[in-house]
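**Student:** coords below, sequence missing:
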């Protein structure tokens, strides 16, 4: 089966840096995605990693290690609007997608 | 605004009934994905269509079916509804270019089964 794990909740301070981890055990791995979802809204795409390494996009960076089945999303210079749920998702062969249950991030002043 | 539209926004129906959810992808996107999101199970991939053909199947119940029409809009049909089918149903679309797997999600349809 496919298994994706993320912490359920995290809290961080405005202006700080936070790292949200995701570990996965899947067969036929074909890429890892991070999405942001505000309460009651649709998920929005943040990043896509298919090769090992770090992808940087403004205040957001995502890292992937395929050999370790591990990824993290790094958010810098946290803002109050970053309070949301962050979803890790894996694409596997057959073009299927599996999402983690999400990490609810609360940014405090 | 992702460019993906879904109707209706809310739907309340009774157990045993059948409903149809509709999705229009972003202009130019050939792939449509359907997801179910409930509080206890997170986002579950149901099914994907690409240019009218079924491409991938996830955890979709036999009571559920979908199709994609020539104009690329898609419909998800849910029948013999049960209380446990109450959830947010999202449609997403992705680009036509090779290797483009970034998905754009619609606003969702909230289904309540009573």
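**Tutor:** Yes, it's here. Keep in mind that what you see is a predicted model, and the values were worked out from it rather than measured. Numbers count the residues shown, from 1 in each chain, chains lettered A, B, ... in the order given.

**Student:** Quick one: name whatever helix or strand follows the least confident helix or strand in chain A by mean pLDDT.
**Tutor:** Within chain A, confidence by mean pLDDT, DSSP states H and E is lowest for strand A:96-99 among all helices and strands, at a mean of 88. Where DSSP states H and E defines the elements, the next helix or strand beyond strand A:96-99 is strand A:103-108.

**Student:** Would you mind listing where chain B has pLDDT under the threshold?
**Tutor:** B:96-100 (pLDDT under 70).

**Student:** can you list the residues of it near chain A?
**Tutor:** B:2, B:33, B:35, B:41-45, B:48, B:55-58, B:90, B:101-108 (CB under 8 Å from any CB of the partner chain). Glycine gets a C-beta too; all of them are placed from N, C-alpha and C.

**Student:** Strands - which of those land there?
**Tutor:** Members of the residues of chain B next to chain A lying in strands (criterion: DSSP state E): B:33, B:35, B:42-45, B:48, B:55-57, B:90, B:103-105.

**Student:** quick one on the thing from earlier: any quick ChimeraX command for the buried ones out of the residues of chain B next to chain A?
**Tutor:** Buried residues among the residues of chain B next to chain A (16 or more other CB atoms under 10 Å in any protein chain shown), as a ChimeraX selection:
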select /B:2,33,35,42,43,44,45,48,55,56,58,90,101,103,104,105,106,107,108
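
**Student:** if we can go back for a sec, report all helices and strands that the least confident helix or strand of chain A contacts.
**Tutor:** Strand A:96-99 sits against strand A:84-92, strand B:42-50, with contacts defined as 3 or more CB pairs under 8 Å, 6 or more residues apart in numbering or on different chains; DSSP states H and E.

**Student:** Direction included, what does that strand pair up with?
**Tutor:** Strand pairing for strand A:96-99, determined by DSSP bridges: strand A:84-92 (antiparallel).

**Student:** I would like the residues contacting the partner strand, please.
**Tutor:** A:2, A:4, A:6, A:20, A:22, A:24, A:26-39, A:43, A:46, A:71, A:73, A:97-100, A:102-105, B:42-43, B:101 (CB atoms under 8 Å, 6 or more residues apart in numbering or on different chains).

**Student:** so where do the strands sit in chain A?
**Tutor:** Counting by DSSP E, the strands of chain A are A:3-5, A:9-13, A:18-25, A:29-37, A:44-49, A:53-57, A:60-65, A:70-75, A:84-92, A:96-99, A:103-108.

**Student:** residues of the shortest one that come out buried?
**Tutor:** Residues residue A:4 are the ones in strand A:3-5 that count as buried (16+ other CB under 10 Å).

**Student:** does any bit of that strand sit next to chain B?
**Tutor:** No. Taking CB under 8 Å from any CB as the criterion, strand A:3-5 and chain B are apart, separated by no less than 9.1 Å.

**Student:** ok, for the residue nearest to the spatial centre of chain B, nearest residue in space, not its chain neighbours?
**Tutor:** Note on chain B: the residue nearest the mean C-alpha position is residue B:34, at 3.1 Å, using CA atoms, centre = their mean. Closest residue to residue B:34 apart from its sequence neighbours, by CB to CB, 6 or more residues apart in numbering or on different chains: residue B:46 at 4.3 Å.
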